[in-house]
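Asks: How does the following fold in three dimensions:
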Amino acid sequence: MMNALLPLIVALQLIASLAFSGAGSGLNLRARSSSSLQMEFMTHYEEIQLETDHAMSVFDITPQIEDIVAKSGCKEGTVTVLSKHSTLSISINEMEGRLVDDIRQYFLTLAPPHMPYLHNDLDYRVGPPDWPGGDEAWREFRRTQPVNTHSHLIAMMLGTSESVPISEGVMKKGKYQSILAIDIDGPKGRGVCVQITGGK
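Replies: Take a look at the predicted model:
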């Protein structure tokens, strides 16, 4: 039943998001031809792998996302970008060197690394009951973990996902907007999910 409704749902979403665009105090009607809405529902998934070089490192992953959108063949839809890590953020902003330095300084001021955070007390962390090898194995693993509460807090402020509309086969973002991956707890190998849903 749900599979039968999917084309209708996608068509209704496309009509709602693409038929009109507001401009100023009036309403600017921008009608699409009916043939442009007769599309095949599609979804496409890929992952981007990053090797980060230091804490609070910022990467512009816009070109990789654009390549995935083009390869997917999606004409009208949405691309969602999601970090697979609790200390890697995804954010949309300008990629400019001095702004990147400001980002580092600002968020490290909001969440200083050396505050007495409870999460950093590794010896008091309780392991899961089904940890292989029991509590002794958990304690050994715990000793390898970073002291990184501030990284979790900054990631919560910056967020870990973004969605961008796709129209006429390209992402509709602003001229100076980039999709940024911000590793607050590097250097590490990181994964980013890219999911495209729409019509082609």
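
Asks: shaky segments in the protein?
Replies: Along the chain, segments meeting pLDDT under 70 span 1-37.

Asks: what about the strands in it?
Replies: 20-23, 26-29, 41-51, 57-60, 76-83, 88-93, 161-167, 170-171, 178-183, 189-199 (DSSP state E).

Asks: In CSV, list the ones you listed along with mean neighbour count.
Replies: Any C-beta I mention is one placed from the backbone N, CA and C, and that applies to glycine too. Conversion of the strands of the chain to CSV gives the following (neighbours: other Cβ atoms under 10 Å):
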stretch, mean neighbour count
strand 20-23, 11
strand 26-29, 9
strand 41-51, 14
strand 57-60, 20
strand 76-83, 21
strand 88-93, 20
strand 161-167, 17
strand 170-171, 16
strand 178-183, 23
strand 189-199, 19
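
Asks: closest to Asp130 out of those strands?
Replies: Of all those, it is strand 189-199 that lies closest to Asp130, at 24.7 Å by Cβ to Cβ.

Asks: who's in contact with stretch 173-186?
Replies: Contact partners of stretch 173-186, identified using Cβ atoms under 8 Å, 6 or more residues apart in numbering, comprise 50, 52-62, 65, 81, 83, 87-95, 103, 107, 146, 148, 150-151, 154-155, 158, 162, 164, 190, 192.

Asks: ok, Ile90 - contacts?
Replies: Shown in contact with Ile90 (Cβ under 8 Å, 6+ apart): 81-83, 158-162, 179-182, 192.

Asks: Next, work out how far apart Phe59 and Asp183 are.
Replies: Noted for Phe59: a distance of 8 Å to Asp183, by Cβ to Cβ, to the nearest Å.

Asks: Quick check: neighbours shared by these two?
Replies: Taking Cβ under 8 Å, 6+ apart as the contact criterion, the common neighbours of Phe59 and Asp183 are 50, 52.

Asks: separation between the nearest residue in space to Thr149 that is not next to it in sequence and Ile182?
Replies: Nearest residue to Thr149, sequence neighbours excluded (Cβ to Cβ, 6 or more residues apart in numbering): Tyr117, at 3.4 Å. Distance from Tyr117 to Ile182, counting by Cβ to Cβ: 20 Å.

Asks: ok, now Met56?
Replies: Distance, Met56 to Ile182, by Cβ to Cβ: 7 Å.

Asks: Overlap in contacts, the two.
Replies: Listed contacts common to Met56 and Ile182 are Ile103; contacts here mean Cβ under 8 Å, 6+ apart.

Asks: picking up where we left off before, out of the strands of the chain, nearest to Leu99?
Replies: strand 88-93 (7.4 Å).

Asks: Listing partners with orientation, what would you give for the closest one?
Replies: Strand pairing for strand 88-93, determined by DSSP bridges: strand 178-183 (antiparallel).

Asks: what angle separates the strand it pairs with from strand 41-51?
Replies: 50 degrees (axes from the mean of the first three to the mean of the last three Cα atoms, to 10 degrees).

Asks: measure the closest residue to Glu40 other than its chain neighbours to Lys175 for me?
Replies: Spatially, and ignoring its direct neighbours in sequence, Glu40 is nearest to Lys200 (5.8 Å; Cβ to Cβ, 6+ apart). The gap separating Lys200 from Lys175 is 26 Å, by Cβ to Cβ.
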